[in-house]
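Trainee: no FASTA, just this:
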């Protein structure tokens, strides 16, 4: 029954930032975006995956009370939109649903949770689509948290047969995409909760283009923004035509409503439901386009800033504090924090010991000067001395003591003044265990835990260059970037006393940690066997430290945390 | 082709304790048990799930190097058994295999990992069975780590058609069990990696009996022992007849080889492979029986002791240390540690402050006296004073400071002397966040983190009663059990100043944490609404603290950790 007639339809894609568990606030946010979309003349407005509940909800999906509240909230939203005169627009809203009559593996009643979208119109939920492919790799546990759907959905809206898919549904072969290829919708709408990873936007665009071509219809892909614990969602909402040509692409990381006019085939399929048989009358087109893309470090910086900002704001902190050593790690974390919540809300504490070099305090002060953060100095020597009088601690034990006195001092300030403490460790240190538990590892959030040291330097240079280009003072003191890294826990200590030079170390770590290459493969790739064995040993032995490390923003495809789940007790180290 | 003839077969079930990643050591352990089984005249010896690699291997399954090593180790094991004159016995050994030609969701080469058993005989792997049902709930991530098998396996061994299933395969309807019901084997062998949970042994026995009756054949269930991070395997190896009657049951938690003589139907199925067409000639039967069961607290105590012992030994520590306050939590952890690795390897450090009451030091000393642990006293007042001179800390900030000075002191001793530090927090405290991050929360292992305070008292009484029954000195000072709980971080502080009485609190926590009941359901169950709201608020707000808490032995069906995966950033608290 397909016709070749093309008619206009206006689609609004709401690239917004919900908060997990905040049903009331998310409903408000959705309603206000529906109103904006309606005001812009849109016929359909589409929201990200599980936008009503926030995403990912993890094991909240297993709570009957939370599922009931989500179901109730989606119904209330439909009613409310109608009451506000917004019943005409079709709203596609992600939420948490359940199969009411399900039983679990032992035959007990279980409201099997489902990752769903509601098609809302005229004050009612007209139809639902349930996610078919549930990702259960990397950071995702959806096979744990949801029961899959197994039916495709096509609805006729203003004469156009519209098909639906949710996120992973388009990343996998078979299932929903295969169904849509058969059913020939005139438009495909895809809500997503797709976290940022370095270079992922390229793969995402290629995939969206491929699926549009396979199905033979324009595809509108909407993704959320904002941070949620260790994840950051980068938006990157995309609309492509049936040949995969880009029609519009939203700015990365920014909230906003993207409105596009599409020319769509009418009555191309056999729909499950007809909302409106007739097509829209012609109307004047709006213009839209493709937002400029951030460069590689620009993307990463933005992810780090938003990851921290949302952890602070969504957890209702007002300020952050960190130890500033004059080194590069604390300097870059301070700069991220200043960009995230403003220098007035950032407290940098210099905690010099007898081993701190002359330039440490000067560079810490220069950081404070350049960024405008709140700065103070607390000498740790008296506290360190008090422990050393009470017990014999030498060598590494004494080095760690200094780090722990700093940690205890920062946590005291956190308790007294209410700051969130930031841990400043980078991925290289975290990988090889070059950090002190309960010392420099203290904190509620660790902004650069997924950034290798080589990238810490590159990002620092990138951020300073941006400042210069914008006529601002570069936030990170030049000497913090150029001086040789040192923990300064004993006289004349250098990181290179204990570790290989960072460029080599980071290359090896990427291959072992991020790419799962074992000792034999690493040797074949040309790494020195003695170095491989030493580094793998360090990484494996430090698993217990990483388990107690604070969360921090994921930017790689394999961040420490939910991405990499290894036993602490393990004799495998090859 | 079934006959009603019954013939004898001798089965050995190896209830043993492998170590994750220790391929060489586990191979040794398996070979020595095969030798024992052969010496005992067994025709088949069966080992627990993934016994060769240890279990659970978590994301090690995703490493090509580890999979290759496991495949190589299972082949070497077969060769080695033959070379040692053990080729005649049929050995059923769990290991990690892979599908060599698999590709991942993006079409990249991927050696899809499989949870497998090898049927070894005559120096060769004669057949493999792949686990069909992959648990992906609670602590399990098997859908993440493995690709399921979809074929049943029946092998004729000495005339008896033997079917196979792995662990979860018998917990789920459909799949392997349904196939075996159709195929009518004369015996079913089930290797398991089934972690201890309170009262799970009853469910396990009932399930084994049910499956034997459904299939209509005797069923031999073998489970591993030992601790692996937060899990403890309790053995509880069981053999039942075709009517579900118990033939033999091994002691809980103990390593050993259980050998049983069974009378089995011959040639009851259409096997995939025939190893021996002919049945065994009659031979003299051995006797076997049902080991006595531990009582409820006896089981829990044993789980806590083995969980700690194996964390210490498998991670190659020689000693543990903990702060001993005179209170019940540190006393019971010390008693567990003494039972696990001997009092000579346990170091109890009293860390009194100016708020410590008179009885604290006396009770700590009494604990040392009763158990024989190594005892010393370090006053924390000078260290606390040194911080208070450097900055203004009042109220909660000063209370937490004391806890952190203790934590730093213990970690200093750990670094200097090599002890594993034990955190002494219980599940009630962990639930409501009644602990200080980097203070009393420091440690590499937290033995009682899954024990509610009410059970801490009950276990202490149980352990003391056991000592008295055995004519030994009760390890836990009576006053530590009877006195009112206090953190002693300010004058005359009592836990009940900040928290409801523990019996009420624990009941509420069980319902909220372990049973996922929300505020409405809790109110309907009769809890005070104000209390519900306060306690739920405390539990939800403490999620960030639990993330940084050390691992500890799981004894409940919902332990904090892999069992309960919740966002830190969440506004849902109902």
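Mentor: Everything's here; your move. Keep in mind the model is a prediction, meaning the values are calculated, not measured.
Trainee: nearest residue to the residue in the stretch 201-350 of chain A that chain B sits nearest to in space, please, no chain neighbours.
Mentor: Taking CB to the nearest CB, chain B has its nearest neighbour within the stretch 201-350 of chain A at residue A:314, 4.7 Å off. Where C-beta positions appear, they are placed from N, C-alpha and C, glycine not excepted. Nearest non-adjacent residue to residue A:314, counting by CB to CB, 6 or more residues apart in numbering or on different chains: residue B:569, 4.7 Å away.
Trainee: ok, the one you found touching residue A:230?
Mentor: No - counting by CB atoms under 8 Å, residue B:569 stays clear of residue A:230, with 9.8 Å between them.
Trainee: okay, those two: which has more neighbours?
Mentor: For residue B:569 versus residue A:230, the count of surrounding residues by other CB atoms under 10 Å in any protein chain shown is larger for residue A:230: 27 against 23.
Trainee: for that one, give me its contacts.
Mentor: Contacts for residue A:230 (CB atoms under 8 Å, 6 or more residues apart in numbering or on different chains) come out as A:139, A:307, A:551, A:552, A:553, A:554, A:559, A:561, A:562.
Trainee: how far away is the residue nearest to residue A:314 from residue A:547?
Mentor: As judged by CB to CB, to the nearest Å, residue B:569 and residue A:547 stand 19 Å apart.
Trainee: OK, contacts around the residue nearest to residue A:314?
Mentor: By CB under 8 Å, 6+ apart, residue B:569 lies in contact with A:19, A:20, A:227, A:228, A:229, A:310, A:311, A:314, A:315.
Trainee: next, it: phi, psi?
Mentor: phi -80, psi 100 (degrees, to the nearest 10).
Trainee: circling back: just the buried ones from the contacts of residue B:569?
Mentor: A:19, A:20, A:227, A:228, A:229, A:310, A:311, A:314, A:315 (16 or more other CB atoms under 10 Å in any protein chain shown).
Trainee: bridging residues for the third one?
Mentor: Translated: residue A:227. Beta bridges link residue A:227 to residue A:232 when assigned by DSSP bridges.
Trainee: again, but for residue A:130
Mentor: Under DSSP bridges, the beta-bridge partners of residue A:130 are residue A:116.
Trainee: quick check: it touching residue A:149?
Mentor: Yes - between residue A:130 and residue A:149 a contact is recorded at 2.5 Å, counting by CB under 8 Å.
Trainee: with neighbour numbers in mind, choose between those two.
Mentor: Between residue A:130 and residue A:149, counted using other CB under 10 Å, the more crowded position is residue A:149 (23 against 20).
Trainee: give the contact list for residue A:170.
Mentor: Counting by CB under 8 Å, 6+ apart, residue A:170 makes contact with A:176, A:177, A:190, A:207, A:208, A:211.
Trainee: the nearest residue to residue A:307 once chain neighbours are set aside sits in which helix or strand?
Mentor: The shortest distance from residue A:307 to any non-neighbouring residue, by CB to CB, 6+ apart, is to residue A:553 (3.1 Å). Assigned by DSSP states H and E, residue A:553 belongs to no helix or strand.
Trainee: residue A:553: how many residues sit nearby?
Mentor: Neighbour count of residue A:553, defined by other CB under 10 Å: 29.
Trainee: what's it in contact with, if anything?
Mentor: By CB under 8 Å, 6+ apart, the contact list for residue A:553 reads A:227, A:230, A:231, A:232, A:303, A:304, A:307, A:308, A:447, A:449, A:450.
Trainee: and which of the contacts of residue A:230 is nearest residue B:435?
Mentor: Taking CB to CB as the measure, residue B:435 lies nearest residue A:551 of those, at 18.8 Å.
Trainee: ok, the longest helix belonging to chain A near chain B or not?
Mentor: Ranked by residue count and defined by DSSP state H, the top helix of chain A is helix A:396-417. Yes - contact of helix A:396-417 with chain B is found when judged by CB under 8 Å from any CB of the partner chain, involving A:396-397, A:400-401, A:404-405, A:407-409, A:411-413, A:415-416.
Trainee: buried members of those residues into PyMOL, please.
Mentor: A single PyMOL command selects the buried members of the residues of helix A:396-417 next to chain B (16+ other CB under 10 Å):
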select buried, chain A and resi 397+400+401+404+405+407+408+409+411+412+413+415+416
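Trainee: and the worst-scoring helix or strand of chain A on mean pLDDT, what does it pack onto?
Mentor: Lowest on mean pLDDT, DSSP states H and E among the helices and strands of chain A sits helix A:495-498, with a mean of 85. Helix A:495-498 is packed against no helix or strand, with contacts defined by 3 or more CB pairs under 8 Å, 6 or more residues apart in numbering or on different chains; DSSP states H and E.
Trainee: now whatever helix or strand comes next after it: buried residues?
Mentor: Using DSSP H and E, the helix or strand that follows helix A:495-498 in sequence is helix A:502-509. Using 16+ other CB under 10 Å as the test for burial, helix A:502-509 gives A:502, A:505, A:506, A:507, A:508, A:509.
Trainee: any idea how far residue B:33 is from the second one?
Mentor: When CB to CB is the yardstick, residue A:505 and residue B:33 sit 42 Å from each other.
Trainee: can you show me the strands along the stretch 151-300 of chain A?
Mentor: Counting by DSSP state E, counting those that start in this stretch, the stretch 151-300 of chain A has strands at residues A:154-157, A:160-164, A:187-192, A:219-223, A:225-228, A:231-234, A:238-240, A:246-249, A:256-265, A:273-274.
Trainee: secondary structure element for the nearest residue to residue A:137 once chain neighbours are set aside?
Mentor: Nearest in space to residue A:137, with sequence neighbours left out and distances taken as CB to CB, 6+ apart, is residue B:144 at 6.1 Å. Element membership of residue B:144 [criterion: DSSP H and E] is helix B:142-145.
Trainee: then residue A:338?
Mentor: Assigned by DSSP H and E, residue A:338 belongs to helix A:328-341.
Trainee: and the closest residue to residue A:491 other than its chain neighbours, which of the three is it?
Mentor: In space, residue A:491 comes closest to residue A:355 once its chain neighbours are excluded; the distance is 6.0 Å by CB to CB, 6+ apart. Put simply, residue A:355 is coil when judged by DSSP: H, G, I helix; E, B strand; the rest coil.
Trainee: identify the residues contacting residue A:355.
Mentor: A:402, A:488, A:489, A:490, A:491, A:493.
Trainee: just give the number of residues close to residue A:526.
Mentor: When neighbours are defined as other CB under 10 Å, residue A:526 has 7 of them.
Trainee: ok, the spatially most central residue of chain A to residue B:77 distance?
Mentor: Nearest to the mean C-alpha position of chain A, counting by CA atoms, centre = their mean, stands residue A:232 at 1.7 Å. The spacing between residue A:232 and residue B:77, counted by CB to CB, is 47 Å.
Trainee: residue A:79 now?
Mentor: 66 Å.
Trainee: the two: who's more crowded?
Mentor: The neighbour comparison of residue A:79 against residue B:77 (other CB under 10 Å) goes to residue B:77, with 25 against 13.
Trainee: I'd like the mean pLDDT over the helix or strand where residue A:458 lies, please.
Mentor: Assigned by DSSP H and E, residue A:458 belongs to helix A:453-469. Here helix A:453-469 scores 98 as its mean pLDDT.
Trainee: again, but for stretch A:56-66
Mentor: pLDDT averaged over stretch A:56-66 gives 96.
Trainee: what residues sit buried inside stretch A:125-143?
Mentor: Going by neighbour count (16+ other CB under 10 Å), the buried part of stretch A:125-143 is A:125, A:127-143.
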